[in-house]
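*Asks:* requesting a structural model of the entry that follows:
(3 chains)
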Amino acid sequence: MKKKNIISRFWIYLVVIAFWVICELLISQESLSPVIQNQLIPICCWVTMAVSLNLVVGISGELSLGHAGFMSLGAFSGLIIAGWLQNAAQVESPVARLVLAMLAGGLIAGIFGFLIGIPVLRLRGDYLAIVTLAFGEIINSLIINLYVNLDQGTLYFKFLKGRGLPGIPLLAGAQGPDNISKIALVPAGFILVLLTLIIVNNLIHCRTGRAIMATRDNRIAAESVGINVTKYKMTAFVTAAVLAGMAGAMYGLFMSRATKPTMFRYTKSIDVLVFVVMGGLGNVNGSVISAALLTILPEQLRFLNDYRMLIYAVVLILMMLISNNPLIRSWMTRVKENLFRRNKQTPSVPVPGLDDQKGGGRT
Amino acid sequence: MSESIRKINTDTKMVPVPSNSIIPERDIGKMPVLECKHLGIDFGGLTAVEDFNLIIGKTEIAGLIGPNGAGKTTVFNLLTKVYEPTRGTSLINGIDMHGMDTVAASKHGIARTFQNIRLFSNMSVEDNVRIGLHNQVKYDMFSGILRLPVFWKKEKEQHERAMELLGIFGMQDLANETSGSLPYGAQRRLEIVRALATNPKLLLLDEPAAGMNPHETEELMENIAKIRDQFQIAILLIEHDMSLVMGVCEGICVLNFGKIIAKGTAEEIQANPAVIEAYLGKRKEAEA
Amino acid sequence: MVNLLVNLVNGLSLGSVYAIIALGYTMVYGIAKMLNFAHGDVIMVGAYAAYVALRSLNMPPLVATLIAMVVCTLLGILIEKTAYKPLRQATSLAVLITAIGVSYFLQNMAQLIWGATPVNFPADFITLPSISLMDGKLLIEGATLITILAGAVIMVGLTLFINRTKVGKAMRAVSEDRGAAELMGINVNRTISITFAIGSALAAIAGILLWAKVFKLEPTTGALPGIKAFTAAVLGGIGSIPGAMLGGVLLGVIEIFGRAYISTALSDAIVFSVLIIVLLVRPTGLLGKAVREKV
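*Replies:* The predicted structure follows:
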């Protein structure tokens, strides 16, 4: 690998670690504003969500509008497992509970990702989008009607009515979780982010990643060289689901009682999609920046009150209009070519508007 | 035509075989790479290809020609299992291809290029070839993510083999260019390299000389022969450029309205009245 | 038996609302190949506009409706010209995000203007008396009746418009092949604007009828019905006008029946499950066309 490419590939890890170190220092000296401190774990969760969604939308080229559904599955299965570990298995260490809960969350989300992927990934672009949205809403509907109790080590599951379940409630339908401590930790958040970046970046820059990008760029050509399109689209989809599940588990164990399935509906999936598009489709490192900024900024701009979301909307529209303006794009391309003469190791991003989507395009 | 091209034709002796094809003498006795038996496909009410019979020898360079709309690309699509034939069957090295999909066809040794170039235009030239090597140089996803030693070893192997393949057309210097930014002729050549990367037994070229000037076409002719000699594979090409077809193809099959109207060597095809009629039309009796 | 009919009527009524909204989605998708995520919020604006006309301007209901239609039409054209037209050459994802931005904008603007407190549907808006059938056992509200009638009229009217008028033909042509249509002398920009205009005008009607159904109007009122109507459009085959009508009505009936016979809490899950099952069997929707890509 060429020297300059190492920097271009690894700067993001340095940035994340530096940010983490600075935060820990400020926290230990109690100089970090509580507003930001309280946001660190959510920021890590949304960064993980954005990076994993970018794997599906930017690298695999499939529009998923149900990504928050996997986060939801991870959150609630993580909460239930943590509740069981805490109350029944008597696992003392909150760190152990957190790690196990996150692994469980990731696993459950991954399984559902596989099951959902089987029918979904056969569909064409826009249909795939609406079906992923549909699944996200179904997940929301199901969890909001789910009641889970814990009695002497056994979990009891019930639908629609929570009456009559023995023991203590862990999940009470629309009321949300109960009897589960908040055990999410800032270091765990940053570790999750680094893990996600390593997994996704390494995946992109290996044989599997190339195959996934081939299926994005030209499905028919990919098949003609012997690449099983469904298998690789599924790989991206399930990997993203696992990462989203882990982020969800962390988020659930951060909010505990306040976690509600309605937090993970299509509006949330769309928020994450906006993070991804703003950071650049296929630009995993860009997603980190955009997700972090777009999570911090609205909080920092609270003083704008009612105008805050309005300004967000206007800025969003303007950014899309500007970044897709042909004049500005050709200017940007020239600037990039002059700055980075032969930076070709980065995974190539389909250049919207300039690249033909019809001709040799994907199905 | 240059002398070197003429040489290709005079060296090969074509032997007519009772069943429907002509294969070079050197390939007699060896399993033919492709055998099509009464291959046909209907799209609803339209019969696109009918009763297609062809045998291609192990190292034969064969041509598939015919007027526009004759069904040539449809034959390619049948061979690469983009479509499942509604009638007949095809065998690759003796293996029946019934029920196979495109991916299986590729794994059994059929590679192709496309009439409208289908490169991974956002990826680099080298990456395009590496994707062709996907099933040749393998390692699993977890080794890739964890960057285990096998990852480094195989990536190096892929790089070396990709460079070697690009060397056929002298394209090594272009390895890091975005493939979509290449000039048209280079893109066509890259597609051929990518197809060769899959280690095929039969290479299908769909109008490889389209859009090329005479100089590029001559180079292509030499390269096609070179590829066949170096890789010892069979090549079937669709072409409209007759100098290319007549210059490099050992056996030629002529298609019109989905049916084969003639098969033979270049000389035989050129003299065949049915072929002439298909391309030029019937001479009107009134004009004397 | 009575219950079945009640549910059927309610289903048709809700379905008509979804159908009217779905028509807007499908027409715009057909002609501009974009998912107009902001459509649901234009509906909400239509309802508020009618409210303003009724209460602040003291207009009679019918005039208020017309004013709402005019407002929505202008709004739709404005959005098209400022936010979507500049992105005609961009990827569909870029347009989708922009549409999302417009959606956020409309919702928050509405909140700024009218506040988040829900507004109740004015009792004097629809003065059509209810119909009593089967000796009083089956009561069809005036609003329900109007909704079904409006739905039917719009469906018939739009079908005639698309198939019999020159503008309708132009719309179909641009949907099929924009380049060819332009070469044939069709003013593509004008045709696209007209499509948005019609869709938005219908949105105003849908907004008022939806409000009559849900009774409370808030800035977020249009969002979920918009999504469901979009689902209906896809169910019927996105881009197909009869498909949108069929999908809308079907979805409304399924939702009401799901609520009545299975569970209210799971009615959304049921509706979306139906979509998934249909698309598994017919990947391009009930009346959608399978597009063959040339290899």
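
*Asks:* doesn't B:Glu84 belong to a strand?
*Replies:* No: read with DSSP: H, G, I helix; E, B strand; the rest coil, B:Glu84 is coil and lies in no strand.

*Asks:* how about it, what does it touch?
*Replies:* B:Gly99 (CB atoms under 8 Å, 6 or more residues apart in numbering or on different chains). Placement of C-beta: from N, CA and C, glycine included.

*Asks:* local confidence estimate at it?
*Replies:* On pLDDT, B:Glu84 comes in at 93.

*Asks:* any idea how far chain C is from it?
*Replies:* In this structure, B:Glu84 and chain C are 13 Å apart, going by CB to the nearest CB, to the nearest Å.

*Asks:* ok, now B:Asn199?
*Replies:* 22 Å.

*Asks:* residue contacts, that residue?
*Replies:* Taking CB under 8 Å, 6+ apart, we find B:Asn199 in contact with B:Gly109, B:Gln136.

*Asks:* what about it, which SS state?
*Replies:* Three-state call for B:Asn199 (three-state DSSP): coil.

*Asks:* go on, the one 5 residues further on?
*Replies:* In three-state terms, and counting by three-state DSSP, B:Leu204 is strand.

*Asks:* spatially nearest residue to it (excluding sequence neighbours)?
*Replies:* B:Arg112 (4.0 Å; CB to CB, 6 or more residues apart in numbering or on different chains).

*Asks:* for that neighbour, phi and psi?
*Replies:* Per-residue torsions, B:Arg112: phi -150, psi 160 (degrees, to the nearest 10).

*Asks:* and whichever residue of the stretch 51-200 of chain B sits closest to chain C, how far from A:Gln90?
*Replies:* As assessed by CB to the nearest CB, chain C sits closest to B:Val82 within the stretch 51-200 of chain B, at 5.0 Å. Distance of B:Val82 to A:Gln90, computed by CB to CB, to the nearest Å: 60 Å.

*Asks:* higher neighbour count, those two?
*Replies:* The residue with more neighbours, out of B:Val82 and A:Gln90, is B:Val82; 19 against 8, by other CB atoms under 10 Å in any protein chain shown.

*Asks:* quick one: contacts for the closest residue to the more buried one other than its chain neighbours?
*Replies:* In space, and not counting its chain neighbours, B:Val82 is closest to C:Val295: 5.0 Å by CB to CB, 6+ apart. Neighbouring residues of C:Val295 by CB under 8 Å, 6+ apart: A:Ile220, B:Thr73, B:Asn77, B:Val82, B:Phe114.

*Asks:* just the ones of the residues you listed in helices?
*Replies:* Among the contacts of C:Val295, the ones falling in helices (DSSP state H) are A:Ile220, B:Thr73, B:Asn77.

*Asks:* in ChimeraX, how would I select just the buried ones from those?
*Replies:* To isolate the buried ones among these in ChimeraX, judged by 16 or more other CB atoms under 10 Å in any protein chain shown, type:
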select /A:220 /B:73,77
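
*Asks:* closest to C:Ala83 among the ones in helices among the contacts of C:Val295?
*Replies:* Nearest to C:Ala83 among the ones in helices among the contacts of C:Val295, counting by CB to CB, is A:Ile220 at 33.5 Å.

*Asks:* and the pLDDT at that closest one?
*Replies:* Looking at A:Ile220, its pLDDT stands at 93.

*Asks:* what does A:Cys45 give?
*Replies:* For A:Cys45, the model assigns a pLDDT of 96.

*Asks:* could you verify that it is part of a strand?
*Replies:* No: going by three-state DSSP, the assignment for A:Cys45 is helix, not a strand.

*Asks:* with respect to C:Gly142, which of the contacts of C:Val295 is nearest?
*Replies:* A:Ile220 (55.9 Å).

*Asks:* I figured that closest one hits B:Ile117, correct?
*Replies:* No: contact between A:Ile220 and B:Ile117 fails when scored by CB atoms under 8 Å: they sit 11.8 Å apart.

*Asks:* what segments of the chain are helices?
*Replies:* Picked chain A for this. For chain A, the helices defined by DSSP H cover A:3-28, A:34-54, A:67-87, A:94-120, A:125-144, A:186-204, A:207-217, A:219-224, A:229-255, A:266-279, A:284-300, A:307-323, A:326-339.

*Asks:* not quite, I wanted chain C
*Replies:* C:2-32, C:39-51, C:61-79, C:92-114, C:142-164, C:166-176, C:178-183, C:188-214, C:223-236, C:241-261, C:267-281.

*Asks:* what's the closest of those helices to chain B?
*Replies:* helix C:92-114 (14.9 Å).

*Asks:* which positions within the closest one qualify as buried?
*Replies:* Residues of helix C:92-114 classed as buried by neighbour count (16+ other CB under 10 Å): C:92-111, C:114.

*Asks:* near chain A, which of these show up?
*Replies:* Counting by CB under 8 Å from any CB of the partner chain, C:92-94, C:96-98, C:100-105, C:107-109, C:111 from those sit close to chain A.

*Asks:* any stretches of the chain with poor pLDDT?
*Replies:* You didn't pick a chain, so chain A it is. Within chain A, the segments meeting pLDDT under 70 span A:1-5, A:340-363.

*Asks:* ah, I was thinking of chain B
*Replies:* For chain B, applying pLDDT under 70 flags the ranges B:1-22, B:282-288.

*Asks:* which residues of the stretch 201-350 of chain A lie near chain C?
*Replies:* A:220, A:266-267, A:270, A:273-274, A:277, A:281, A:306-307, A:309-310, A:312-314, A:316-317, A:320-321, A:323-326, A:350.

*Asks:* buried subset of the residues you listed?
*Replies:* Buried, going by 16+ other CB under 10 Å: A:220, A:266-267, A:270, A:273-274, A:277, A:281, A:309-310, A:312-314, A:316-317, A:320-321, A:323-325, A:350, out of those.

*Asks:* understood, closing this out.
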